[in-house]
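Asks: Build me a model:
(chains A and B)
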There are 2 protein chains.
Amino acid sequence: MQNLLALLDSRKFIQVRRIIQEMNSVDLAELISEIEDEKDTVLLFRLLPKEMAAEVFSYLEHDQQQRVVEGLTDKELAGILDDLFMDDTVDFIDEMPASIVKRVIKIADPDTRRQINQLLMYPDSSAGSLMTTEFMEVDRDWEVGRAIREIRRQCEDKESLSQLFVTDEFRHLEGTVALRDLLAAKDSEIIGDLMESDVKSVKTHDHQEDVADLFKKYDLVSMPVVDNENRLVGLITIDDVVDVMEEETTEDIYKMAAMEPTEEGYADAGVFAIARKRIPWLLILMISATFSGIIMQNYNSVLSAQVILASFVPMLMDTSGNAGSQTSVSVIRSLVLGEVECRDIFRVLWKELRIGMMVGTGMGVLNFIRIVIQYRDVGLASVVGITLFCAVVAANLVGGALPIAATKFKLDPALMASPMITTIVDAMSLTVFFNVAIHILPGLK
Amino acid sequence: MQNLLALLDSRKFIQVRRIIQEMNSVDLAELISEIEDEKDTVLLFRLLPKEMAAEVFSYLEHDQQQRVVEGLTDKELAGILDDLFMDDTVDFIDEMPASIVKRVIKIADPDTRRQINQLLMYPDSSAGSLMTTEFMEVDRDWEVGRAIREIRRQCEDKESLSQLFVTDEFRHLEGTVALRDLLAAKDSEIIGDLMESDVKSVKTHDHQEDVADLFKKYDLVSMPVVDNENRLVGLITIDDVVDVMEEETTEDIYKMAAMEPTEEGYADAGVFAIARKRIPWLLILMISATFSGIIMQNYNSVLSAQVILASFVPMLMDTSGNAGSQTSVSVIRSLVLGEVECRDIFRVLWKELRIGMMVGTGMGVLNFIRIVIQYRDVGLASVVGITLFCAVVAANLVGGALPIAATKFKLDPALMASPMITTIVDAMSLTVFFNVAIHILPGLK
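Replies: Coordinates of the predicted model:
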């Protein structure tokens, strides 16, 4: 790669062109993003063969896109816009400053302009915001031979060919034909006979998470998007859905750690933006944690009499918190994957009761032995051992129940992950701890 | 759906057949899995049109597959095997009891048998275990017209057509041609001229996570698999990669909650298997948590003198632990997404230092005010406020540094998520707490 930049610097354009012609568009976009000098960026971009330029452009970061656009003439820009798929055009326009948006809209032909304006109107995270308009339509009355001829004529401008969409005269979606089935068929067969009429489609305002779920469930590579009147308006392809899946996973993981994700991602987001996403949940959790403090305070007299008890508090809190978050995270993930549903709550609780008893026994017995050896105090060892057992069982039950309960109340189960569970379980394990201590240790009643 | 089962029960086979012919294979498999009666399962399966049977079969759960296979004749089974893609065949065989495997191998034709044996040998989670052998090969010397004729002749048996693989006489992979480019070309053009020679491919023993990363990076829908001599041996398709992505995400999320995932997934795994995956990390974390206990014990005299301090311990531990896990989870996710790399460690630390100072100030000041109001004790309020500030800043730095350090030492950064960070941060915040208390509160020195 360094090599290429050196060739560029020494103006050996023919060699540069030969190298980049053989390269993959994604790699080229990565290379361009490493160029510091603004003029070199535009220069390298201009050296791209015309048929690659739009694709490379779609893989550039937004600030690189801006740089390139500012360096290109109107005519060059119009060429790129012409080759760019509509979803990539809209993604790009969405992030540009007003001056560039204006220029792009001015350059675009009327039809493109209309489509851009239409696509920009769909809300973020909707199917409409993911889709593109370059789908391949065929008529149900066509013969296969004609359809193949039409496809060969138009396919360069289409984003995905794996499914062809069959529409009626009012553009209502009637069915789909897999390109494979079309190719396997005889030239004289009729599209309508090959067509799959049980179409999986989404509406423009459906949420992208539902779109992704359909792709996963039905192993789709592309899917039609329709409006409220079932008119075909767009096409969603798997590459965009893969991005959605990543985005949704990030959101889930962030929620499990009691945060909202920032829009730009961690690396690009500002310090202030990140802090603002973290503080609210920290505050809520801190307030709930003060309940544990109140419990400690209520047992001040116990603590004063046996100050050694305090030294077990961190271990008890951490262990029960960890057990609870193991459970809650398992259950949350199962809910997301559809392995567990709300009606399974008793099955989950019964499972977690048994797991908790096993794990709790293990933890309790080990600690009992350790404390007997270390302090030679069977009473103290019993208090800690019994508390651990109870706390782990309780933690597993709470960790299993809360995510399902949240789902039941239409809340995101990911909110019931480790931090929330930890806070709740802490208060429980402290209460158990002091009560067991009062009953077992002498002189605390 | 209930309707269909009723029709089946009243032996209205023609109507049943008409309905299922229009249904999607995934939905049909789901329907079959809801049938309780073994005979009905096989009956419904037999009513499937031949061209759907294999696809529906590939979507059945393994116990349903076993049920169906046990109910079919050898001839029927041979028909299914013939239509089943090789990767689905191997997935199915992998989970069957020995008697069924034997029967399948006996029925399969010699070529299929050889391929099954080959595919079964690849290790779990390798590219070889994901791939299928039904790819479409074209010759670099062919004209486009001939290639299209060949594709139309063979395509029914091929799993994906989006890319055609170009090989030489020794089956070495030379390049790929997108079906779209082939269709857009003139009949007289030569494959070699259309071919992309910068092919993204993987080796049979590459890990599935690397395969998924390539699909994501290059927006692929299919990818060739080669052996060590660059001979083409298989094809991986995006639908299987989507499953891998889910699996890898589950693994990451589980690790972040200090567990190993079980092989079968939470809903299907046994209680004992799950407990065994949870105990090891709980133990390790418990042992590290005892350090916090030792710290508490060292300050026993401080605690005895001011037992009120103990009641702030849960809140301090929880808040610093939460702040640390917010940071570590953000950084771990950025590492997974490739937004942050090892060399960014100082950038991350500088960012987290500033975030920590903001968040810490907020938390500290709020608590200072609360404690002044509640206890009318400025000294105590200062101790808690200062500790919170220091603990949050330290938690953010530790949470930012450890995942990157883990990556540096070739460990999985997900191991450095909430539970591990919490344990470390606990010990730190307690140390700060008692030391600040000794310096500020009267009579503790």
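Asks: mind saving the C-alpha coords of the strand or helix carrying A:D213 as CSV?
Replies: Assessed by DSSP states H and E, A:D213 sits inside helix A:208-218. In CSV, the C-alpha atoms belonging to helix A:208-218 read as follows (Å, rounded to 0.1, in the frame of the first residue of the first chain):
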residue,chain,number,x,y,z
GLN,A,208,-35.1,-2.6,11.2
GLU,A,209,-34.8,-5.1,14.1
ASP,A,210,-37.9,-6.9,12.7
VAL,A,211,-36.4,-6.8,9.2
ALA,A,212,-33.3,-8.5,10.6
ASP,A,213,-35.3,-11.1,12.4
LEU,A,214,-37.1,-12.0,9.1
PHE,A,215,-33.8,-12.3,7.2
LYS,A,216,-32.4,-14.6,10.0
LYS,A,217,-35.5,-16.7,10.2
TYR,A,218,-36.0,-17.3,6.5
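Asks: For B:R276, see how far away the closest residue in space to A:N396 that isn't next to it in sequence is.
Replies: Nearest non-adjacent residue to A:N396, counting by C-beta to C-beta, 6 or more residues apart in numbering or on different chains: A:G356, 3.3 Å away. Backbone N, C-alpha and C define where each C-beta goes, glycine included. Distance from A:G356 to B:R276, counting by C-beta to C-beta, to the nearest Å: 14 Å.
Asks: between the two, which one's more packed in?
Replies: Neighbour totals were compared for A:G356 and B:R276, and A:G356 leads with 29 against 16 (other C-beta atoms under 10 Å in any protein chain shown).
Asks: thought the more buried one was touching A:V398?
Replies: No. With contact defined as C-beta atoms under 8 Å, A:G356 does not reach A:V398; the gap is 10.0 Å.
Asks: what about the stretch 201-350 of chain A, any weak spots by pLDDT?
Replies: Along the stretch 201-350 of chain A, no part satisfies pLDDT under 70.
Asks: What segments of it are helices?
Replies: For the stretch 201-350 of chain A, the helices defined by DSSP state H, counting those that start in this stretch cover A:208-218, A:238-256, A:271-298, A:300-305, A:313-337, A:345-375.
Asks: got JSON lines for those helices, with distance to B:E196 too?
Replies: As requested, those are arranged in JSON lines below (distance: least, C-beta to C-beta, whole Å):
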{"stretch": "helix A:208-218", "distance to B:E196": "26"}
{"stretch": "helix A:238-256", "distance to B:E196": "17"}
{"stretch": "helix A:271-298", "distance to B:E196": "41"}
{"stretch": "helix A:300-305", "distance to B:E196": "72"}
{"stretch": "helix A:313-337", "distance to B:E196": "36"}
{"stretch": "helix A:345-375", "distance to B:E196": "50"}
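Asks: any idea which of those helices is most buried?
Replies: When the helices of the stretch 201-350 of chain A are scored by mean count of other C-beta atoms under 10 Å in any protein chain shown, the highest mean neighbour count falls to helix A:313-337 (a mean of 29).
Asks: helices or strands up against that helix?
Replies: helix A:238-256, helix A:345-375, helix A:378-408, helix A:418-440, helix B:238-256, helix B:271-298, helix B:313-337, helix B:418-440 (3 or more C-beta pairs under 8 Å, 6 or more residues apart in numbering or on different chains; DSSP states H and E).
Asks: Export these as JSON lines, with columns for distance to A:G145.
Replies: As requested, the helices and strands packed on helix A:313-337 are exported to JSON lines (distance: least, C-beta to C-beta, whole Å):
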{"stretch": "helix A:238-256", "distance to A:G145": "29"}
{"stretch": "helix A:345-375", "distance to A:G145": "56"}
{"stretch": "helix A:378-408", "distance to A:G145": "52"}
{"stretch": "helix A:418-440", "distance to A:G145": "61"}
{"stretch": "helix B:238-256", "distance to A:G145": "30"}
{"stretch": "helix B:271-298", "distance to A:G145": "57"}
{"stretch": "helix B:313-337", "distance to A:G145": "47"}
{"stretch": "helix B:418-440", "distance to A:G145": "61"}
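Asks: Compare the ones you listed and give me the one nearest A:D37.
Replies: helix B:313-337 (27.8 Å; C-beta to C-beta).
Asks: angle of the closest one against helix A:271-298?
Replies: 150 degrees (axes from the mean of the first three to the mean of the last three C-alpha atoms, to 10 degrees).
Asks: what about helix B:313-337, distance to the chain center?
Replies: Computed by C-alpha atoms, centre = their mean, to the nearest Å, the chain-centroid distance of helix B:313-337 equals 22 Å.
Asks: what's the angle from that helix to helix B:378-408?
Replies: Using the same axes, to 10 degrees, helix B:313-337 lies at 30 degrees relative to helix B:378-408.
Asks: and helix B:313-337 with helix B:208-218, angle?
Replies: Going by the same axes, to 10 degrees, helix B:313-337 makes 70 degrees with helix B:208-218.
Asks: Could I get the buried residue list for the helix or strand that contains A:F45?
Replies: Secondary structure from DSSP H and E places A:F45 in helix A:38-47. Applying a neighbour-count criterion of 16 or more other C-beta atoms under 10 Å in any protein chain shown, one finds A:41-45, A:47 buried in helix A:38-47.
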